[in-house]
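[1] Mind looking at a prediction? Sequence and model below.
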Amino acid sequence: MAKADIDGTSFIEMLDEKHILPSLSPVVVALIELATSDESSLGQMADLIMKDPALTAQILKLANSAFFRSQCPASTPLQAITRIGAHHTRLFALSVSLKDAFPLKREGSLDYGRFWRLCLYQGLISRSLAQTLKVGDPEEAFTAGLTLEIGLLVLVRACVDDATVYLDYPLPSLLAKEKELYGVQHRQIGEALLRTWRFPESIVACQQSYRFKENPTGLSELARVCAVAGELSAFVCGPQSDLDEVFDGVETFFGINKGVAIEAVGTALEHVSEIAEPFALEIDTGMEVFELMEKANRALTRLAGNVAECAPAEKLPSPDLPVGHTRIQDASPAAKGITHEVRNRLTTVGRFARRLAKTIDPASREGTYVRVIMSEAERLEQALRRTG
């Protein structure tokens with residue numbers, strides 16, 4: 001039997017009363033607020049960080065790491081922030097605080113490592129899309145994408161004895177299932193939690209991004225970016241194999257060019273390992289790319305069947321060609337429409353494979369595989385051109 005509906009705020013208040021509500025470091029909350037102010041300075045950030053000795057030590061360690069090589073070690077928060085930049089500072093601080101609030105382990109039916117992998121891709125893809133589309137601040141987009149599913153962690157913590165998490169469900173189905181089982185869904189919880197943590201309203205509002213495909217009324221451009229990032233991250237991290245359909249859907253339902261979406265995924269693959277470090281997550285990007293190539297290959301196999309269906313059933317003699325030659329029978333308008341659609345999807349798969357190729361060593365197993373996929377996509381496109 002479905003439970004009675006409750007709202008996210010009531011759920012959060014209930015957890016607070018039971019003293020099981022996770023909390024972020026006050027310093028991190030203040031840093032997030034500073035991130036949305038045009039008047040904030042590195043000095044203000046340094047002053048904030050100095051109020052948290054543990055965070056100060058971690059920021060200094062990051063600034064003096066091999067990633068930010070320098071002859072002179074940073075000895076103060078201001079020197080560290082100047083070296084690593086405001087973006088890395090806020091991101092690192094948020095990552096550490098979230099990791100402390102939600103330990104990276106399996107709890108109940110939720111694998112936290114797998115969960116954060118999905119969230120990191122949502123953040124990175126949101127950032128890339130915001131940068132390309134000139135939608136607000138890319139760092140704000142990263143934070144909005146990273147925290148999109150934060151309410152799911154709270155739901156699992158509150159219902160650890162009987163929570164059943166269906167990470168492989170499409171988001172609308174997952175939210176509906178949660179509502180049926182618990183009377184509240186995790187995006188409602190996330191919205192209430194981010195307000196409790198005093199996140200900017202522009203980021204809080206992105207918790208509604210799941211509504212964008214059906215009813216975008218009142219939702220922001222940042223919410224649109226987050227909605228697309230959710231779709232693309234589910235494709236990267238989940239079992240979804242309809243590559244061409246995913247990118248076609250992004251263009252059809254969200255109005256975002258497939259090339260822009262493909263580039264966002266490629267950029268995320270290039271940076272996800274670096275961003276995973278503060279979470280102590282190990283992400284095998286080589287395996288990620290290989291699995292994406294498998295999806296591309298399955299898409300090609302399906303499209304090869306479509307190409308065969310588009311080929312004419314018969315060839316008619318052509319009076320204007322030499323003896324022994326034939327010409328293809330003119331296709332009907334319906335057949336031409338199908339051919340055009342298949343050609344577009346083949347182009348998408350080929351473009352995606354070319355973007356993947358930029359993320360890997362050409363001499364590797366993955367490099368060989370991706371060249372085979374690109375070659376097959378080109379062969380099928382040429383076959384379609386001969387029918388048109």
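    Ah, there it is.

[2] just checking, what packs against the helix or strand K99 falls within?
    Under the criterion of DSSP states H and E, K99 resides in helix 77-101. Contacts defined by 3 or more Cβ pairs under 8 Å, 6 or more residues apart in numbering; DSSP states H and E place helix 77-101 against helix 26-35, helix 42-49, helix 53-63, helix 138-146. Quick note: C-beta positions are derived from backbone N, CA and C, even for glycine.

[3] Determine which stretch of these is the most buried.
    For these, average neighbour numbers computed from mean count of other Cβ atoms under 10 Å are highest in helix 138-146, which has a mean of 26.

[4] What mean pLDDT does that one get?
    For helix 138-146, mean pLDDT is 90.

[5] Using PDB, list the CA coordinates for it.
    The C-alpha trace of helix 138-146 is given here as PDB (Å, rounded to 0.1, in the frame of the first residue of the first chain):
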ATOM      1  CA  PRO A 138      29.700  27.200 -15.100                       C
ATOM      2  CA  GLU A 139      30.900  26.600 -11.500                       C
ATOM      3  CA  GLU A 140      27.300  27.100 -10.200                       C
ATOM      4  CA  ALA A 141      26.200  24.700 -12.900                       C
ATOM      5  CA  PHE A 142      28.700  22.100 -11.600                       C
ATOM      6  CA  THR A 143      27.400  22.400  -8.100                       C
ATOM      7  CA  ALA A 144      23.800  22.200  -9.200                       C
ATOM      8  CA  GLY A 145      24.600  19.000 -11.300                       C
ATOM      9  CA  LEU A 146      26.700  17.400  -8.500                       C
END
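
[6] sorry, back to before: and the helices and strands packed on helix 77-101, which one's lowest on average pLDDT?
    Taking the mean pLDDT of those, helix 26-35 comes last: a mean of 80.

[7] which residues does the closest residue to R351 other than its chain neighbours contact?
    Once flanking residues are discounted, R351 sits nearest to I262: 5.7 Å by Cβ to Cβ, 6 or more residues apart in numbering. By Cβ atoms under 8 Å, 6 or more residues apart in numbering, the contact list for I262 reads 247, 348, 351-352, 355.

[8] Counting neighbours, which of the residues you listed comes out on top?
    The residue in the contacts of I262 with the most neighbours, by other Cβ atoms under 10 Å, is F352 (29 neighbours).

[9] tell me the pLDDT at it?
    Model confidence at F352 (pLDDT) stands at 92.

[10] Skipping adjacent residues, who's closest to the residue most central in space within the chain in space?
    Geometric centre of the chain, nearest residue: Q122, 2.8 Å, by Cα atoms, centre = their mean. Excluding the flanking residues, the one nearest Q122 by Cβ to Cβ, 6+ apart is G145, at 4.0 Å.

[11] T347 now?
    E381 (7.0 Å).

[12] Without its sequence neighbours, what residue ends up closest to A276?
    I283 is the one closest to A276 (Cβ to Cβ, 6+ apart), at 4.9 Å.

[13] Assumed that neighbour was part of a strand.
    No - counting by DSSP: H, G, I helix; E, B strand; the rest coil, I283 is not part of a strand but coil.

[14] Surely T267 touches L124?
    Yes - with contact defined as Cβ atoms under 8 Å, T267 counts as touching L124 (7.0 Å).

[15] dump the residue contacts of the residue nearest to A276.
    117, 120, 272-273, 276.

[16] Among the residues you listed, which pair sits farthest apart?
    Using Cβ to Cβ, the contacts of I283 span at most 11.0 Å, a distance reached by R117 and S273.

[17] And the two? Which one has more around it.
    R117 (21 against 15).

[18] how much space between the more buried one and R211?
    From R117 across to R211, the span is 25 Å (Cβ to Cβ, to the nearest Å).

[19] try E378
    Relative to R211, and taking Cβ to Cβ, E378 is found at 39 Å.

[20] Which one's more surrounded, these two?
    Shown here are E378 and R211; by other Cβ under 10 Å, R211 has more neighbours (16 against 13).

[21] which ones are touching that one?
    Contacts of R211 by Cβ under 8 Å, 6+ apart are L219.

[22] Let me know the pLDDT of it.
    So, for R211, pLDDT stands at 92.

[23] How about Y182?
    83.

[24] Quick check: closest non-adjacent residue to L175.
    Closest to L175 by Cβ to Cβ, 6+ apart is Q185, at 4.2 Å.

[25] That neighbour: what's it in contact with?
    Here Q185 is in contact with 151, 174-176, 178-179 (criterion: Cβ under 8 Å, 6+ apart).
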